[in-house]
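# Quick check, what structure comes out for this input:
(2 chains)
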Amino acid sequence: MSRRAVWAWRLAGLAVFSVLGCARVALAVDPATGDYQLKPRQIAAQTWVIEGAVEDFSRANGCNIINTAFVATDEGVLIINTGPSWRYGQQQRAAMARTVPQPLNQVVNLNLHPDYFFGNQAYADVPVLALGGSRAGMQAEGKAYEDNLYRLCGDWMKGSESTPARQTLMPGPVVFGGHRLEWVRLQGHTADDLLLIDHSTGVLFAGGLVFADRVPTLPHAKLADWIASLRTVASWIDQGTVRTVVPSHGPVHSGRYGVDQTLDWLQWLHQRLHSSASQGLDLSEVLRLPMPERFSRWAALSAEYARSVTYLYPQYETDQLTSQPVQAEPGR
Amino acid sequence: MTDPYLPMRSGRDPLCTRRDALQRVGMAAWVAGLTPWPVQAQDQTGGDPLGSMQWPVIQRKFMGQEAWRFTDEVIVKGPEFAEDAMNVPIWLDARALQRSAGPIERIVVVADRNPIQHILDFEPLNSWPVLAFRLRMEQGSPVRALVRTRDGRWHVGQTWVNAAGGGCTVPGASRADGSWSRTLNQVQARVFRNVLDGGTRLRLRIMHPMDTGLVGGIPAFHIEQLELRDAQDRPSWRLHLHEPVSENPLLTLELGDGAQGPWQLVGRDNNGNRIDERFKA
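Got it, this is the predicted structure:
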């Protein structure tokens, strides 16, 4: 192969890589100025994403670990998710205004987790919507999220207050500025997982149901429901309804890449917890079991594994103790 | 050489870094031929590798004037970070110590920075000196096992658990919804063979709110004593639990080689309610 051909291949590879968004952009967040350096990237007609770090929350990444997005139509701009802080919301709004001329129309939060809605504080003048269950969850847990994010993220949170969505979104199809949108409620990552399919562009905003190159977060998860929901998402992809997947965490990608990764993790985790409990392992021991090689390059592996096992394993343990009890006899 | 002015590593006690820095300053002064820095006099942690200022007090309170040492033969494992401050899993294993220093009389578990430091006492008796349990933590803290061998010496193992905290001062789920009274002192138990080589593992869950007394208007209400008796009515092990042990305690014990049931679990809480359950493997 000639040198030129080699370069052509490399460039082609690079192009594919960046089209799929798999290149992990080193985010130049600046803690001194509190600048998240948000850079909207167009992924389809009138559709932009602002990518977060594929990591766990930390001060170094400004706790910006979520992908947010906006669809700028002739009817105005729809913002999807508002990031982990008031400051993020302000900078997201400014980045959107620098990128597109259309006025803001509405903001939607795809679930109750704090990085989906803490930037709502910067959108007091426009409708902010979420599913009813998500709104209730934001109201119930908002203060605890605040405490936790201030502890994890420090100054990045300055001035931030939990600002739950103010209106309830009803799932279903809607035409918005020429885009044929469909809001779908699934569940499993949380009790109310909102997804947006843009039938005009083939883009799916998958919220917390799909993760890519990163271990899923499970504090509100029901594994069986989640797995069922992912099978639904996979069928949309297989049927060609969805071509591009925007997960909340991890690179934007095409096809079943993220769905299959997330399914793999959830099914593996369920199997591990089930077999550990039936062998009689304690939570302490399960936390220290070795991890399969195939997950070793995923972001946030040790933190998310510990979190998931801590929250989920006790149920598997007590199921073992109650479903097959020893032949207990009443006492004297 | 490590730069003493580097920021502390996350998850470590800041005092640890400060103590290290003090020692280095002392060393530098000595090397420079100046008056040696009185390192020990300045070290208010009593030589604690986790750098906790509470250690000298804990040492006196729980071990008195008796001889003691830190040792790797007492294994204490906790999570690096307590994801759930109301259920922090701790794993204790003093089998290596038992092999080198002889039979173990009792194991005292303490958490330096908990509002109630004393977590439990464990007498392994005829079982292995292995115990897994969960505790509530109010903030990040060392968790230590002070192990007294029958020769009257103490051997100390420990770990540091980081925690966002608050675990001792919020009511547990069964207290919050009132369901505790319907299940009080019910026992679930199951025996597993060979989880540790040659071992007979007993996993036990006892339904009890284990109120710490640190939640407004809810007095301390917790299991105090538990004892497992074997088929010959000999005690297999004995536990004295204190307030910070988690709600509905889930305990994992190793009864030793070829232990055979049936067993009887007896105990009581601090209100005098009795626990009495028989079971077979």
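
# And stretch B:148-166, how far out from the chain middle?
For stretch B:148-166, the gap between its own C-alpha mean and the chain's C-alpha mean amounts to 6 Å (Cα atoms, centre = their mean, to the nearest Å).

# Ok, stretch B:236-254 next?
Its chain's average C-alpha position is 10 Å from that of stretch B:236-254, according to Cα atoms, centre = their mean.

# can you check stretch B:194-211 too?
Here stretch B:194-211 is found 15 Å from its chain centre; the criterion is Cα atoms, centre = their mean.

# any residue of it up close to chain A?
Yes - applying Cβ under 8 Å from any Cβ of the partner chain, one finds that stretch B:194-211 is in contact with chain A at B:195, B:201, B:203, B:205. Just so you know, the C-beta spots here come from the backbone N, C-alpha and C atoms, and that holds for glycine as well.

# Send me that stretch as CSV with only the CA atoms.
Extracted C-alpha coordinates of stretch B:194-211, given in CSV (Å, rounded to 0.1, in the frame of the first residue of the first chain):
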residue,chain,number,x,y,z
ASN,B,194,-17.3,-24.4,51.3
VAL,B,195,-17.7,-20.7,50.4
LEU,B,196,-14.4,-20.4,52.2
ASP,B,197,-12.4,-23.6,51.7
GLY,B,198,-13.8,-26.2,54.2
GLY,B,199,-16.1,-23.7,55.8
THR,B,200,-19.6,-23.8,57.0
ARG,B,201,-21.1,-20.4,56.4
LEU,B,202,-24.2,-19.2,58.2
ARG,B,203,-26.0,-16.2,56.9
LEU,B,204,-28.6,-14.7,59.3
ARG,B,205,-31.0,-11.9,59.0
ILE,B,206,-32.8,-10.7,62.1
MET,B,207,-35.6,-8.2,61.6
HIS,B,208,-35.1,-5.3,64.0
PRO,B,209,-35.2,-1.5,63.5
MET,B,210,-31.9,-1.0,65.3
ASP,B,211,-32.7,2.5,66.2
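
# got a list of contacts for the host helix or strand of residue A:303?
Taking DSSP states H and E as the criterion, residue A:303 maps to helix A:301-323. Contacts with helix A:301-323, where a contact means Cβ atoms under 8 Å, 6 or more residues apart in numbering or on different chains, come from A:56, A:214-219, A:221, A:223, A:269, A:273-274, A:276-278, A:280, A:283, A:286-287, A:291, A:295, B:79-81, B:83-84, B:87, B:89, B:188-190, B:203, B:205, B:250.

# SS state for the residue in the stretch 51-200 of chain A that chain B sits nearest to?
Distances from the stretch 51-200 of chain A to chain B, computed as Cβ to the nearest Cβ, single out residue A:151 as the nearest residue at 6.1 Å. When classified by DSSP: H, G, I helix; E, B strand; the rest coil, residue A:151 comes out as helix.

# ok, and the closest non-adjacent residue to it?
Setting aside the residues directly before and after it, residue A:151 is nearest to residue B:164 in space (Cβ to Cβ, 6 or more residues apart in numbering or on different chains), at 6.1 Å.

# just the strands in the stretch 1-150 of chain B please.
B:68-70, B:75-77, B:81-82, B:88-93, B:104-111, B:118-123, B:130-135, B:141-149 (DSSP state E, counting those that start in this stretch).

# so can I have a markdown table of the ones you listed showing mean neighbour count?
As requested, the strands of the stretch 1-150 of chain B are arranged in a markdown table below (neighbours: other Cβ atoms under 10 Å in any protein chain shown):
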| stretch | mean neighbour count |
| --- | --- |
| strand B:68-70 | 14 |
| strand B:75-77 | 19 |
| strand B:81-82 | 23 |
| strand B:88-93 | 24 |
| strand B:104-111 | 22 |
| strand B:118-123 | 22 |
| strand B:130-135 | 26 |
| strand B:141-149 | 24 |
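
# Could you tell me the least trusted of the ones you listed?
Within the strands of the stretch 1-150 of chain B, the least confident segment by mean pLDDT turns out to be strand B:81-82, at a mean of 89.

# Where does residue 265 fall, secondary structure wise?
Since no chain was named, I'll use chain A. When elements are assigned from DSSP H and E, residue A:265 belongs to helix A:257-279.

# Wait, chain B was what I had in mind.
Under the assignment here (DSSP H and E), residue B:265 is part of strand B:263-269.

# Indicate whether that strand makes contact with chain A.
Yes - for a cut-off given as Cβ under 8 Å from any Cβ, strand B:263-269 has contacts with chain A, namely B:264, B:266.

# just stretch B:227-239 next, same as before
No - no part of stretch B:227-239 sits near chain A under the criterion Cβ under 8 Å from any Cβ; the closest distance found is 11.4 Å.

# tell me which residues of that stretch are tucked away?
Within stretch B:227-239, the residues that count as buried by 16 or more other Cβ atoms under 10 Å in any protein chain shown are B:227-230, B:236-239.

# Tell me if residue A:156 really is in a helix.
Yes - following the definition three-state DSSP, residue A:156 is counted among the residues of a helix.

# so it makes contact with residue A:65?
No - counting by Cβ atoms under 8 Å, residue A:65 is not a contact partner of residue A:156; they are 11.7 Å apart.

# Please enumerate the shared neighbours of the two.
By the contact definition Cβ under 8 Å, 6+ apart, residue A:156 and residue A:65 are jointly contacted by residue A:84.

# Could you verify my assumption that residue A:44 touches residue A:244?
Yes - with contacts defined as Cβ under 8 Å, residue A:44 counts as touching residue A:244 at a distance of 6.3 Å.

# Show me whatever sits in contact with both of those two.
Taking Cβ under 8 Å, 6+ apart as the contact definition, residue A:44 and residue A:244 share the neighbouring residues A:201-203.

# Of those residues, grab the buried ones for PyMOL.
Selecting the buried subset of those in PyMOL, with 16+ other Cβ under 10 Å as the burial test, is done by:
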select buried, chain A and resi 201+202+203
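
# Now residue A:46. Nearest residue, chain neighbours left out?
residue A:72 (5.1 Å).

# quick one, helices of chain B?
B:14-31, B:39-42, B:55-63, B:95-101, B:173-176, B:180-183 (DSSP state H).

# Kindly report the same for chain A.
Along chain A, the segments classed as helices by DSSP H run A:3-19, A:86-99, A:114-117, A:132-153, A:223-238, A:257-279, A:283-287, A:301-323.

# which residues are contacting the fourth one?
Read it as helix A:132-153. By Cβ under 8 Å, 6+ apart, the residues outside helix A:132-153 that reach it are A:57-59, A:62-63, A:84-85, A:109-114, A:117-118, A:130, A:157, A:160-165, A:168, A:190-192, A:194, A:220, B:164.

# next one: the second one
Residues outside helix A:86-99 that contact it (Cβ under 8 Å, 6+ apart) are A:34-36, A:38-40, A:48, A:50, A:62, A:64, A:68, A:70, A:72, A:77, A:79, A:82-83, A:104, A:118-123, A:156-161, A:163.

# Could you tell me which of those residues are located in strands?
Counting by DSSP state E, the contacts of helix A:86-99 place A:48, A:50, A:68, A:70, A:72, A:77, A:79, A:104 in strands.

# Taking the stretch 151-300 of chain A, what residue is nearest to chain B?
Taking Cβ to the nearest Cβ, chain B has its nearest neighbour within the stretch 151-300 of chain A at residue A:280, 3.0 Å off.

# so how many other residues sit close to that residue?
Taking other Cβ atoms under 10 Å in any protein chain shown as the neighbour definition, residue A:280 ends up with a count of 21.

# residues contacting it?
For residue A:280, counting by Cβ under 8 Å, 6+ apart, the contacting residues are A:320, B:190, B:192, B:195, B:201, B:203, B:252.

# Closest one to residue B:110 out of these, please.
Nearest to residue B:110, judged by Cβ to Cβ, of these is residue B:252 at 19.9 Å.

# So what pairs up with that closest one in the strands?
Using DSSP bridges, the bridge partners assigned to residue B:252 are residue B:132, residue B:203.

# Run through the residues that contact it.
Neighbouring residues of residue B:252 by Cβ under 8 Å, 6+ apart: A:280, A:282, B:130-133, B:201-204.
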